[in-house]
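**Student:** prediction below, plus the sequence it came from.
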Amino acid sequence: MSTILLIEDNERMAKVLARHMEIEGHQVILAEDGEAGLEAFRQHKVDLVLTDLKLPEKSGLDVLQGIKEENPLVPVLVMTAHGTIETAVKAVKDGAFDFLQKPVDPEHLLLTISKALETRHLVTENLILKEELLQSRVAKLIGQSRVLSEAQENAKKVAAGATTVLLLGESGTGKELFARLIHDMSPRKNGPFIAINCAAIPKDLLESELFGHERGAFTGAGTRKLGKFELADEGTVFLDEIGDMELGLQGKVLRVLEGDPFMRVGGTSRVKADVRVIAATNKNLEAAVGTQTFRADLFYRLNVFPIVIPALRDRREDIPLLVEHFLTVYARELKKDVKTISPEALDLMMRLPWTGNVRELQNCIERAVILCDGRTVKPEHLGMPTQGSATPVEVSPGDGLQAVSSAASRVAETKMIERVLAETGGNKSRAAEILKVSYKTLLTKIKDYGLARG
């Protein structure tokens with residue numbers, strides 16, 4: 001059912017038109033002048049506007065301009081008497097979807113409304129597809145381990161409602177896949193799913209990405225841009241790495257979570273979006289609250305239903321299934337006849353620390369398929385240290401398994417970063433892309449591991 005705003009000062013005609021639209025299943029909001037119409041548009045979630053050109057207070061052209069400033073995606077139909085056809089044509093040039101000549105034929109009206117709503121759906125869908133272009137390969141949750149199954153079961157339970165979800169886990173564990181799983185099992189599954197990595201976008205641009213901006217809001221803002229929250233109306237927004245969001249912006253996100261409208265950057269009108277928020281982080285948000293780098297009120301609002309995504313080292317029994325899946329994916333994508341992995345190579349993969357989790361394993365298999373000239377991936381194709389060549393892990397026996405794991409992880413990360421930096425000629429931006437970490441994270445690890453390069 002669509003909500004239509006009808007702006008018509010002739011009470012009898014308004015009732016007739018409203019009755020025809022309501023019979024068709026639409027909900028109609030009535031306004032008798034242009035000013036009241038714009039106010040009604042701001043107060044309600046409207047899918048289409050039908051307005052007369054000649055109105056008290058503000059004209060139909062004023063209404064059209066105001067609607068397009070508020071939300072350019074909402075189609076506007078204008079009604080006109082015979083003597084104002086030229087004005088109606090101008091309205092179409094100014095952004096109206098179409099015009100209808102009075103007296104309005106009910107069948108033609110309903111057909112035009114149907115076309116306008118379908119066009120809006122296609123335009124919105126196209127914008128959402130553009131947002132998801134970088135996520136063209138649809139990945140799946142692969143594995144049968146108990147810890148993964150428990151996390152999936154929790155995701156299934158929370159999906160049915162509108163509860164905010166906080167996904168916790170290390171980088172590369174598949175938090176976005178879980179967010180998509182929750183969306184796909186929810187009543188919002190036919191709405192958009194829009195993901196944004198809060199750590200990957202400069203702080204001064206993140207607000208614009210989330211909430212949109214008006215033309216001229218800042219240098220380079222040549223046109224209005226709708227933000228992720230607006231585009232995800234009736235769908236889901238996934239805020240990845242929310243622990244990296246600055247405090248000022250956290251407050252604005254909190255207000256959206258509480259159902260309040262927001263303003264685009266540089267805007268004066270308030271926008272309301274019906275979105276479900278799923279957030280994710282690899283940081284300890286409770287500790288961040290203690291150091292006052294994360295808002296306590298936002299943390300408690302996000303932490304209604306936390307789900308911990310297990311690290312790959314905690315579900316090693318899933319590694320063979322993941323290897324088989326990624327071998328199939330990359331053999332097809334790279335058009336290579338790679339079919340299997342040797343027992344020696346699989347044994348090595350079962351023993352590696354996988355500090356980068358599933359993402360690191362995925363990258364490893366992609367490189368292996370590229371390097372493999374036959375049908376079977378062997379240890380030398382993995383680009384990982386073999387048992388004989390691995391750098392020794394120096395820990396005291398009394399330190400326990402956790403210290404061994406930590407030291408082994410450091411060795412593996414160091415070798416991986418060294419190799420990728422060598423492959424990219426020291427280009428840290430490109431290396432960060434290959435390693436699937438933020439530029440800031442890579443710089444920190446280079447410093448910590450003493451790998452500074454010019």
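**Tutor:** Right, received. Where do you want to start?
**Student:** bridged to the residue most central in space within the chain, which residues?
**Tutor:** Central residue of the chain (C-alpha atoms, centre = their mean): residue 195, 1.3 Å from the mean position. Listed by DSSP bridges, the beta-bridge partners for residue 195 are residue 238.
**Student:** need the pLDDT of it.
**Tutor:** Residue 195 carries a pLDDT value of 92.
**Student:** next, the buried residues of the helix or strand hosting residue 68.
**Tutor:** Following DSSP states H and E, one finds residue 68 within helix 60-70. Of all the residues in helix 60-70, those buried under the rule 16 or more other C-beta atoms under 10 Å are 60-68, 70. No exception for glycine: its C-beta is placed from N, CA and C like everyone else's.
**Student:** verify the contact between residue 253 and residue 301 for me.
**Tutor:** No. The criterion here is C-beta atoms under 8 Å, and residue 253 misses it with residue 301 at 9.1 Å.
**Student:** if you count surrounding residues, which of those two has more?
**Tutor:** residue 253 (25 against 17; other C-beta atoms under 10 Å).
**Student:** how much space separates the more buried one from residue 279?
**Tutor:** As judged by C-beta to C-beta, to the nearest Å, residue 253 and residue 279 stand 9 Å apart.
**Student:** just the strands from the stretch 151-300 of the chain, written as ranges.
**Tutor:** Taking DSSP state E, counting those that start in this stretch as the test, the strands found in the stretch 151-300 of the chain are 165-168, 193-197, 235-240, 275-281.
**Student:** returning to what we had before: now the common contact residues for residue 253 and residue 279.
**Tutor:** 239, 242 (C-beta atoms under 8 Å, 6 or more residues apart in numbering).
**Student:** buried residues, stretch 69-77. List them.
**Tutor:** Per 16+ other C-beta under 10 Å, stretch 69-77 contains these buried residues: 70-71, 73-77.
**Student:** then stretch 249-262?
**Tutor:** 249-250, 252-254, 256-257, 262.
**Student:** in TSV, list these along with distance to residue 329.
**Tutor:** Converted to TSV, the buried residues of stretch 249-262 look like this (distance: C-beta to C-beta, whole Å):
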residue	distance to residue 329
249	36
250	37
252	39
253	34
254	39
256	36
257	36
262	39
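**Student:** restricted to helices, list these.
**Tutor:** Taking DSSP state H, the ones among these that sit in helices are 249-250, 252-254, 256-257.
**Student:** which residue, other than its chain neighbours, is closest to residue 56?
**Tutor:** Excluding its sequence neighbours, the residue lying closest to residue 56 (C-beta to C-beta, 6 or more residues apart in numbering) is residue 33, at 4.2 Å.
**Student:** residue contacts, that neighbour?
**Tutor:** Here residue 33 is in contact with 7, 9, 55-58 (criterion: C-beta under 8 Å, 6+ apart).
**Student:** what about it, distance to residue 374?
**Tutor:** 77 Å.
**Student:** swap in residue 219?
**Tutor:** 55 Å.
**Student:** then residue 58?
**Tutor:** 74 Å.
**Student:** for the stretch 301-450 of the chain, give me the ranges with low pLDDT.
**Tutor:** 384-411, 448 (pLDDT under 70).
**Student:** show me what counts as buried in stretch 192-210.
**Tutor:** Buried residues in stretch 192-210 (16+ other C-beta under 10 Å): 192-199, 201, 206-210.
**Student:** neighbouring contacts of stretch 263-272?
**Tutor:** Against stretch 263-272 from outside (C-beta under 8 Å, 6+ apart): 42, 45, 69-71, 207-208, 211-218, 221, 224-227, 230, 261-262.
**Student:** go with 6 Å
**Tutor:** 70, 207-208, 211-214, 217, 230, 261-262 (C-beta atoms under 6 Å, 6 or more residues apart in numbering).
**Student:** pLDDT of the biggest helix by length in the chain, averaged?
**Tutor:** Using DSSP H, we find that the single longest helix of the chain is helix 106-131. Mean per-residue pLDDT for helix 106-131: 80.
**Student:** and for stretch 254-270?
**Tutor:** 89.
**Student:** endpoint to endpoint, that stretch covers what distance?
**Tutor:** 16 Å (C-alpha to C-alpha, to the nearest Å).
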